[in-house]
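In: predicted model, plus sequence, below.
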Amino acid sequence: MENTSFFTFIIDHLGQFLEYTAFANMTIGHIVMIMIGLAFIYLAISREYEPMLLVPIGFGILVGNIAFQPGSEIGVYESGSVMNYLYFGVLKGVYPPLIFLGIGAMTDFSALISNPKLMLVGAAAQLGIFGAYGIALALGYSPSEAGAIAIIGGADGPTAIFVSSRLAPELMGAIAVSAYSYMALVPVIQPPFMKLLTNSKERLIRMKPPRPVSKQEKIIFPIAGLLLTCFLVPSGLPLLAMLFLGNLLKESTVTKRLADTAKGPMIDIVTILIGLTVGASTQASNFLTMKSLGIFFLGALAFAIATIGGVGFVKIINLFLKEGNKINPLIGNAGVSAVPASARVSQVVGLSYDKTNHLLMHAMGPNVAGVIGSAVAAGVLLSFLF
């Protein structure tokens, strides 16, 4: 009789234990998301597609889709859980400005300062943001949702997170994953449009070497940049202020320790946290929806429009420039904010047509302008929609 009671006790508690395992709570959606997470990790490690981003995001997707019973205080959406506390930095937009501080500390604006008209190329590439915004509205998304989705066209993951956390927090996981995914796929997405929009003569244009930029100019630029952009678009202050502060720490040369910390340990730590928590926010029940699929479609479209806008603008501006001052339109793609991935694409595509024509130093001009441009565009959207 005692043995029977013992076995009954074991069976009852074993059944209760099994109810709490991920095997008992797993759905097809969780399996699909786990496969997506594994695909991210594979692309990052095997193909080296932005591994610093895709490894933590892919692993985060695995973490977020280990099924559990509600109320366990485990997931990012459960108040009081450790993951929820880490996710706070995403939800409240704390992590993106810190990443911008690190980006500023590692960015050299010399190419842009020496050739200011490249700022216009960076601005033209933001056409992807506003083009995608109009299309999203036409497809039935609300103005706030459309604004959050459109920022993907800036090719800037932190900016996408910052904007979506304010305009459409319920879509933030899909928007962030879409933005980082397309940033990693810049070498795949952009070259076909660059080749389609240019002819053989344009691809061989040689640009003048950038003029030397003085230390004084480098110090003045972040101060002037902050005042100009934030007086124009105060809503972009959290991102733009940190970007220009990071750059001033670098260029002043008297705060080297602070600059090294911002561009090294700090940005690495924040990248890990933002990647892990954004990935973990893609729980199947929240992520696998028609709106999420629409976001991925609109994200790809925004990238295409941004590339077309940058390359197309260079072709137009070349009509008004004299021979010897023309811009190679293959650097137009670098107007998006994926630094330095899109500038490297300009270099690789340019070298495929002329092995002696190095475009990287020129492409960095619109590339860093794109960082500023995407933050300004984010400020514009927040001004009207938040």
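Out: Structure's in. What do you need? Numbers count the residues shown, from 1 in each chain.
In: would you mind measuring from the residue most central in space within the chain to Asn328?
Out: The centre of the chain sits closest to Gly157, judged by C-alpha atoms, centre = their mean, with a distance of 2.0 Å. As for Gly157, its distance to Asn328 is 28 Å (criterion: C-beta to C-beta, to the nearest Å). Just so you know, the C-beta spots here come from the backbone N, C-alpha and C atoms, and that holds for glycine as well.
In: which parts of the stretch 51-200 of the chain are helices?
Out: Ranges of helices in the stretch 51-200 of the chain, per DSSP state H, counting those that start in this stretch, are 51-64, 82-91, 95-106, 110-114, 118-124, 127-138, 143-150, 157-167, 172-184, 186-197, 200-203.
In: show me how far the second one is from its chain's centre.
Out: When you say that, I think you mean helix 82-91. 19 Å (C-alpha atoms, centre = their mean, to the nearest Å).
In: same for it, what does it pack against?
Out: helix 157-167, helix 172-184, helix 267-280 (3 or more C-beta pairs under 8 Å, 6 or more residues apart in numbering; DSSP states H and E).
In: so which of those helices gets nearest Gly147?
Out: Smallest distance to Gly147 across the helices and strands packed on helix 82-91 (C-beta to C-beta): 5.1 Å, for helix 157-167.
In: contact partners for Ile57?
Out: Taking C-beta atoms under 8 Å, 6 or more residues apart in numbering, we find Ile57 in contact with 40, 177, 180, 275-276, 278-279.
In: could you rerun that using 10 Å?
Out: By C-beta atoms under 10 Å, 6 or more residues apart in numbering, the contact set of Ile57 is 37, 40-41, 44, 50, 157, 176-177, 180-181, 184, 271, 274-280, 282.
In: re earlier: to Ala105, which of the helices and strands packed on helix 82-91 lies closest?
Out: Between Ala105 and these, the shortest separation by C-beta to C-beta is 7.9 Å, and it involves helix 267-280.
In: buried residues of the closest one, list them for me.
Out: Under the neighbour-count criterion of 16 or more other C-beta atoms under 10 Å, helix 267-280 has 267, 270-271, 273-280 buried.
In: repeat that for stretch 111-128.
Out: For stretch 111-128, the neighbour count (16+ other C-beta under 10 Å) marks 111-115, 118-128 as buried.
In: tell me the two of those that are most distant?
Out: Every pair of the buried residues of stretch 111-128 checked by C-beta to C-beta; the farthest is Ser114 and Gly128, at 25.9 Å.
In: now do the same end-to-end measure for stretch 159-177.
Out: 13 Å (C-alpha to C-alpha, to the nearest Å).
In: report the distance from it to the chain centre.
Out: 11 Å.
In: mean confidence for it?
Out: Average pLDDT, stretch 159-177: 91.
In: for Phe320, find the nearest of the helices of the stretch 51-200 of the chain.
Out: The stretch from these with the least distance to Phe320 (C-beta to C-beta) is helix 118-124; that distance is 11.6 Å.
In: any idea how far the closest one is from the chain center?
Out: 18 Å.
In: same deal with stretch 54-67?
Out: Remark: stretch 54-67 is offset 18 Å from the chain centroid, using C-alpha atoms, centre = their mean.
In: equivalent analysis for stretch 80-93, please.
Out: The mean C-alpha position of stretch 80-93 is separated from the chain mean by 19 Å, C-alpha atoms, centre = their mean.
In: for that stretch, which residues meet the burial criterion?
Out: With burial defined by 16+ other C-beta under 10 Å, the residues of stretch 80-93 counted as buried are 83-84, 86-87, 89-91, 93.
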